[in-house]
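[1] everything below, folded, please.
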Amino acid sequence: MRWLNVTNPVPDAEAQQDVRAEEGVRGRRRTSLLLAVAGIAYAVDLGSKLAVVAKLEGHAPVKVIGGWLELSAIRNPGAAFGIGGATTILFTVIAVAIALVIIRVARRLYSGPWAIALGLLLGGALGNLTDRLFRSPGGLRGAVVDFIAVRDFSVMNLADWAISCGGALMVILAFRGRGLDGTVNVKEQPGGGAE
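    Now for the predicted structure:
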């Protein structure tokens, strides 16, 4: 016996054509691009941290560009610039919140550049979240492995770089009026013309 679902009837041909026409205007969803970028950023960060712990921890710093840039393994319980070492759990909660927001936004994502920006942000957040969950002392309080030391600036890791690059790209896209849905917002100038 076949049951009919009255609350969710099978869409007719016209409704399906309207959906296809709307998707044609916006293009394809870019969720797979977001996930690919996030996966690559996460894998590169995780691989680099494993190599740093195995090869650099407990050894003298390796100078890359004179005294300006060196590789030196440190454990950072705080955020960038060593801020907030006593509030490690807060950074864990923030990383989880960022990941959840990005996953929710991904349903409306039709822009390639936004997918790249959000993918970098997600991959970086997950990279540092992995450290918070699994590195000593554990229990959401793990110290992040940082190793890229820039003189008079900070010691960071590749997750931090991914987050920074993703954030910078998001700011550029927002200033240029690019929407998550792939549209470009053009501001009108006083007098009726477009910029």
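[2] where in this structure is pLDDT low?
    Applying pLDDT under 70 to the chain flags the ranges 1-26, 78-88, 186-195.
[3] same thing but at 50, please
    Confidence mapping of the chain against pLDDT under 50 gives the ranges 1-6, 9, 13, 15-25.
[4] where does the residue positioned nearest the centre of the chain fall, secondary structure wise?
    Against the mean C-alpha coordinate of the chain, by Cα atoms, centre = their mean, the closest residue is L121 at 1.4 Å. Taking DSSP states H and E as the criterion, the element that holds L121 is helix 112-134.
[5] report the distance from that helix to the chain centre.
    The gap between where helix 112-134 is centred and where its chain is centred comes out at 3 Å by Cα atoms, centre = their mean, to the nearest Å.
[6] can you list the strands that the following helix or strand past that helix pairs with?
    The helix or strand immediately downstream of helix 112-134 is strand 144-150, counting by DSSP H and E. If you go by DSSP bridges, strand 144-150 pairs up with strand 69-76 (antiparallel), strand 154-156 (antiparallel).
[7] and the very next helix or strand once past the longest one, what other elements does it pack with?
    As assigned by DSSP H and E, the chain's next helix or strand after strand 69-76 is helix 88-105. Secondary structure elements in contact with helix 88-105, counted by 3 or more Cβ pairs under 8 Å, 6 or more residues apart in numbering; DSSP states H and E, are helix 112-134. Quick note: C-beta positions are derived from backbone N, CA and C, even for glycine.
[8] try it again at 10 Å.
    Packing partners of helix 88-105 (3 or more Cβ pairs under 10 Å, 6 or more residues apart in numbering; DSSP states H and E): helix 31-55, helix 112-134, helix 158-175.
[9] CSV please, covering the ones you listed and showing distance to W68.
    Compiled in CSV, these are given as follows (distance: least, Cβ to Cβ, whole Å):
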stretch, distance to W68
helix 31-55, 19
helix 112-134, 23
helix 158-175, 16
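[10] looking at these, which is buried most?
    Across the helices and strands packed on helix 88-105, averaging neighbours per residue (mean count of other Cβ atoms under 10 Å) puts helix 112-134 on top, at a mean of 23.
[11] to what extent is V101 buried, counted in neighbours?
    Applying other Cβ atoms under 10 Å, we find 14 residues neighbouring V101.
[12] picking that back up, quick one: the strands paired with strand 144-150 as a markdown table, columns for distance to E57 and mean neighbour count too.
    Shown next, in a markdown table, are the strands paired with strand 144-150 (distance: least, Cβ to Cβ, whole Å; neighbours: other Cβ atoms under 10 Å):
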| stretch | distance to E57 | mean neighbour count |
| --- | --- | --- |
| strand 69-76 | 4 | 18 |
| strand 154-156 | 13 | 18 |
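[13] out of the ones you listed, which comes closest to A38?
    Between A38 and the strands paired with strand 144-150, the shortest separation by Cβ to Cβ is 18.6 Å, and it involves strand 154-156.
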